[in-house]
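K.L.:
Sharing a model that was predicted from the sequence below.
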Protein chains: 4
Amino acid sequence: MDTAALQEIFRQDRFAAHVGIEILEGEGGHARAQLVVQPHHLNGLGTVQGGALFTLADLVFAVAVNSRGLKATGLHASINWLKPARAGTLFAEAVEVSCSRRIATYSVRITDEQGGLLATFQGTGYRLDEAWTVPACPEGRP
Amino acid sequence: MDTAALQEIFRQDRFAAHVGIEILEGEGGHARAQLVVQPHHLNGLGTVQGGALFTLADLVFAVAVNSRGLKATGLHASINWLKPARAGTLFAEAVEVSCSRRIATYSVRITDEQGGLLATFQGTGYRLDEAWTVPACPEGRP
Amino acid sequence: MDTAALQEIFRQDRFAAHVGIEILEGEGGHARAQLVVQPHHLNGLGTVQGGALFTLADLVFAVAVNSRGLKATGLHASINWLKPARAGTLFAEAVEVSCSRRIATYSVRITDEQGGLLATFQGTGYRLDEAWTVPACPEGRP
Amino acid sequence: MDTAALQEIFRQDRFAAHVGIEILEGEGGHARAQLVVQPHHLNGLGTVQGGALFTLADLVFAVAVNSRGLKATGLHASINWLKPARAGTLFAEAVEVSCSRRIATYSVRITDEQGGLLATFQGTGYRLDEAWTVPACPEGRP
């Protein structure tokens, strides 16, 4: 699957939309997304809340594991919060560490606009038997 | 600190408010919160999104570690997603596993209205030197 | 499976024997083991080495997941080291958190002789299709 | 600190010696070690036991965090077991992800002789106020 197909699939993710995450890229076990920091992402200390950072990392993990063609569900994830963020655009990038028939693992880094590392994340996904069916001809195209 | 003081402090957490989490209880290293599932908490499969579950667990962890009187920041957290949720009210409860001068760890369970276990979470917090100062006399009281 | 069958199966675990771990109990998703601290378990600070503690926790996790009858393999585990140990007997106890067709999760606590909590551990196992075949009649019995 | 100083310090780690781990390199937040697989490293399935792999990864993590000059203790670690190993030499390499005044995090990969990835590991260490004192003149040298 390519970026356009994954963006189409994840358009159904209402929580990702509620948080404001945008998928930039997804293909071949790799994915990138961004979050433009808004006041509603902040915690009481004025920094981006830990759950908002996790949700951003988790989404690129989900895009990356699903990019392999099978529907997948998350089993486990962990996050290390390294540095607080206050404003600007945050980027998350998922890299595939392993992919076997059932289990796939990904490593995610969240960085700020200057490339500073804010958090690292590891996710383990379970690949179901069901494949994504991507319409060969997206509607509305000739 | 007691529940009222912690609810007051976490009223400043705008992301928790954006997600819709309500703190029910917080005192002595223990905390409980709830999330009434709304359409904007769902992923593309119609189940509560993994980041929403994490954010709920993370918030009770934060309340529990801060209930010990020192301001604290999260270092690391992990989640196991065990069972999907679709509707109703979800509950998260944090129990203190350890608390030393600098480091404190908590275990969180997320359950549904029937007591079914949806996710488990572990969090490690770093306790700063700064104590919370809770106003002795909340405004508006005689 | 019961304790005797699991002890028999894990007698083949040469690393557990090399480290000196003894299985005390295993049945129905629950397991207990002990380690009598010897000089070769210590690190350079004179406390039980982190890998020795992990190996003890990991073994009760393995016993617990295999006690459910299907051969299982570890996917992921994490440990929090809470307090150093120097001598005496250490105990590890695994409790089942969840068990579905493929995936089972366990929580482990390591304690010392006084019941002090030294470490907590979480393990995620993958259950294979192959069942353990326990000989109906152990050899040498009438 | 350099490799020779770290090898000297970790010579006191009796558990690492009992398992058979050799430090190859350590300096500037980076470390490498190896384990030549012996029969006593195997589990009942004839593959290298999960605790042996963890102990190898944990040791390079320990070398890497201590290479920064301050004595450090492990707070948390997690491992993903990706592929079984049966024989030959295993290599572990630790890379520094972050290092602040108190907290440092490392990512470790375990590979076999062909470069196949067997396991990934993440460790979080706590840096104490005490610095390692490395004798300026190792004994026995002119």
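P.N.:
On my side now, so go ahead. Residues are numbered from 1 along each chain as shown, chains lettered A, B, ... in the order given.
K.L.:
which residues of chain A fall in strands?
P.N.:
Here chain A has its strands, by DSSP state E, at A:21-27, A:30-36, A:70-81, A:89-99, A:103-111, A:117-131.
K.L.:
Please name the bridge partners of the residue lying closest to A:Leu70 once chain neighbours are set aside.
P.N.:
Distances taken as CB to CB, 6 or more residues apart in numbering or on different chains put A:Arg127 closest to A:Leu70, at 4.4 Å, once the chain neighbours are dropped. Using the backbone N, CA and C atoms, a C-beta is placed for each residue, glycine as well. Applying DSSP bridges to A:Arg127 gives these bridge partners: A:Ala72.
K.L.:
Hmm, A:Ala72 and A:Arg127 touching each other?
P.N.:
Yes. With contact defined as CB atoms under 8 Å, A:Arg127 reaches A:Ala72; the gap is 4.9 Å.
K.L.:
Now do the shared contacts for the two.
P.N.:
Contact with both A:Arg127 and A:Ala72 is made by residues A:65, A:104, according to CB atoms under 8 Å, 6 or more residues apart in numbering or on different chains.
K.L.:
Specify the stretch among the strands of chain A that is closest to A:Gly51.
P.N.:
Nearest to A:Gly51 among the strands of chain A is strand A:70-81 (9.8 Å), distances taken as CB to CB.
K.L.:
Name the residues of that closest one that are buried.
P.N.:
Residues of strand A:70-81 classed as buried by neighbour count (16 or more other CB atoms under 10 Å in any protein chain shown): A:70-81.
K.L.:
Mind checking if the longest helix anywhere in chain A is in reach of chain B?
P.N.:
Across chain A, the helix with the greatest residue count (assigned by DSSP state H) is helix A:50-66. Yes. Taking CB under 8 Å from any CB of the partner chain as the criterion, helix A:50-66 and chain B are in contact, through A:50-52, A:54-56, A:58-59, A:62.
K.L.:
again, but for stretch A:24-43
P.N.:
Yes. Counting by CB under 8 Å from any CB, chain B has neighbours in stretch A:24-43: A:39-43.
K.L.:
OK, contacts around the nearest residue to A:Leu24 once chain neighbours are set aside?
P.N.:
Computed as CB to CB, 6+ apart, the closest residue to A:Leu24 that is not its neighbour in sequence is A:Arg32, at 4.4 Å. Applying CB under 8 Å, 6+ apart to A:Arg32 gives the contacts A:23-26, A:60, A:91-94.
K.L.:
Next to chain C in this structure, residues from chain A, please.
P.N.:
For chain A, the residues in contact with chain C (CB under 8 Å from any CB) are A:75-76, A:78, A:102-103, A:124, A:126.
K.L.:
before we move on, the earlier item: pull the contacting residues for the residue nearest to A:Leu70.
P.N.:
Shown in contact with A:Arg127 (CB under 8 Å, 6+ apart): A:65, A:68, A:70-72, A:101-104.
K.L.:
roughly how far apart are A:Ile9 and chain B?
P.N.:
Per CB to the nearest CB, to the nearest Å, A:Ile9 is found 6 Å from chain B.
K.L.:
That residue is in contact with A:Asn66, isn't it?
P.N.:
Yes. The pair A:Ile9 and A:Asn66 passes the contact test of CB under 8 Å, sitting 6.9 Å apart.
K.L.:
Those two: which is more packed in?
P.N.:
Taking other CB atoms under 10 Å in any protein chain shown, A:Ile9 and A:Asn66 do not tie; A:Asn66 has more neighbours (24 against 20).
K.L.:
Excluding chain neighbours, give the residue nearest to the more buried one in space.
P.N.:
Distances taken as CB to CB, 6+ apart put A:Ala72 closest to A:Asn66, at 5.5 Å, once the chain neighbours are dropped.
K.L.:
Cool, thanks, talk later.
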